[in-house]
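A.B. asks: Sharing a model that was predicted from the sequence below.
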Amino acid sequence: MVKRDEKAPSVPPLASEELLLLELLLRLLPQLKLQITHQTSRSPQVKVPIYQKTFPQDIYAALREMTASLVQLKADMRFLQTQEPAAQQKTEVDKLKQQQLEQAAQQKTEVDNLKQQQLEQAAQLKTEVDKLKQQLQEQAAQQKTEVDKLKTEVDKQKTEVEKLKTELEKLNKQQLEQAAQQKTEVDKQKTEVDKQKTEVDKLKQQQLEQAAQQKTEVDKLKQQQIEQAAQLKTEVDKLKQQQLEQAAQQKTEVDKLKTEVDKLKQQLQVRQVAFSASLVVAGISRIGPVPSETTLIYKYVPTNIGNAYNSNSGVFTAPVRGAYHFEWHFNGDTSQGSAGWLVKKSEKVFAVFEQQGTGFMSASNGVTLLLEVGDVVFVRLTAGSVVFDNFNHHTTFSGHLLFTM
């Protein structure tokens, strides 16, 4: 603090700048109070956060501090004016004014910022409230629509229930009428049944009487049938005996006829014996040289009357006693030689042989033999010999029955 001097001159009046600053503060103070009061009363139903409630108190505190500072500055300026020269006091006062103006501008900016924040928060709250109102309105409209649908459905169901009720009443009425009609018909039918029952009883009595009479007649007929059956049985037994005797006689005659037929068939069959065969059916075949005597099997059999020749074994079997004529032909293609025997059972009868240096060669022979039933005849290739045949059928074996004996 600056010490006061009793001889200092009197305090001069405030400058025009100081008066303007004070007037500005006094004008701002009511506007701030009005704005704060308006903001807090706009949305009484909206819950204001705690940090927003501290804004009015901070503004009042700032105003109080500004007022106290101005009062102190004013007192200090007056004191300095009484102690220092006018030029020095003016300089200091100008500085103080400048500082006060800067502080006032800064505080005004802060107050404007606070007002802007409060306005933005109020707008945001208003937007949220509008959204909530819109949602509530939409929900109310949707619920109203659903309620209307439910009312419509209830009305429809009510109409259907009334229709069903009407139909049920009609059906009940019809059923009652039908039941009355059916009862009447049943009563009529019952009366008719009683009448029919009486008639049936009469008919039963008549049938019983007729049955008794018929039974007597049937018994008589049965007795007559038994007597007739006994007579017929005796006659049938006699006829059966006669038929058995006739059948035995016919069987004997049939057996005789069968024997004669078999003999005739045998005679016909044994008179028809003939065959011809060659080694191969198709292609080319060369047999030999063989290490030992080998029975030739002639596969191609164009003729086999009586089936006396077996193409699987190459053997002819005499079916009947008689004279048979046989012929066999060999064909060879090398200098190895071709030789073979016609064999009756195990007896070598006639042979064939041929050999030359080059080219094809052939040999053949024939014989007539007396054969008993079951005698076999076949052709055997000698050891070391070769025989050839192809699709032209050069190597063959044939025979036939001349006559029976």
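C.D. replies: Structure received. Residues are numbered from 1 along each chain as shown.
A.B. asks: So what touches stretch 288-295?
C.D. replies: 287, 313-315, 336, 341, 378-387 (C-beta atoms under 8 Å, 6 or more residues apart in numbering). In short, each C-beta sits where N, CA and C put it, glycine included.
A.B. asks: what helices or strands is the helix or strand containing Gln135 leaning on?
C.D. replies: Using DSSP states H and E, Gln135 sits in helix 86-270. On a contact count with 3 or more C-beta pairs under 8 Å, 6 or more residues apart in numbering; DSSP states H and E, helix 86-270 meets helix 16-42, helix 50-83.
A.B. asks: chain center to it: distance?
C.D. replies: On the basis of C-alpha atoms, centre = their mean, to the nearest Å, helix 86-270 sits 26 Å off its chain's mean C-alpha point.
A.B. asks: ok, so what distance separates the nearest residue to Gln107 once chain neighbours are set aside from Glu120?
C.D. replies: Excluding its sequence neighbours, the residue lying closest to Gln107 (C-beta to C-beta, 6 or more residues apart in numbering) is Ala62, at 5.9 Å. Separation of Ala62 from Glu120 (C-beta to C-beta, to the nearest Å) stands at 21 Å.
A.B. asks: and those two? which has more neighbours close in?
C.D. replies: Set Ala62 next to Glu120 and count neighbours by other C-beta atoms under 10 Å: Ala62 wins out with 16 against 10.
A.B. asks: Give me the helices and strands touching whichever helix or strand comes after the helix holding Gln135, please.
C.D. replies: Next in sequence after helix 86-270, counting helices and strands by DSSP H and E, comes strand 274-278. Here strand 274-278 touches strand 300-305, strand 396-404, going by 3+ C-beta pairs under 8 Å, 6+ apart.
A.B. asks: where's the most centrally placed residue in the chain relative to Arg64, distance?
C.D. replies: Geometric centre of the chain, nearest residue: Glu153, 43.0 Å, by C-alpha atoms, centre = their mean. Distance, Glu153 to Arg64, using C-beta to C-beta: 70 Å.
A.B. asks: circling back to that earlier point, from Thr109, how far off is the residue nearest to Gln107?
C.D. replies: Using C-beta to C-beta, Ala62 is found at 12 Å from Thr109.
A.B. asks: does His393 count as helix, strand or coil?
C.D. replies: Classification of His393 using DSSP: H, G, I helix; E, B strand; the rest coil returns coil.
A.B. asks: Show the pLDDT at it.
C.D. replies: Predicted confidence (pLDDT) for His393: 85.
A.B. asks: Tell me the bridge partners for the nearest residue to it once chain neighbours are set aside.
C.D. replies: Ranked by C-beta to C-beta, 6+ apart and with sequence neighbours excluded, the top spatial neighbour of His393 is Ser278, at 3.7 Å. Beta bridges link Ser278 to Tyr300, Thr396 when assigned by DSSP bridges.
A.B. asks: Kind regards, and thank you for your time.
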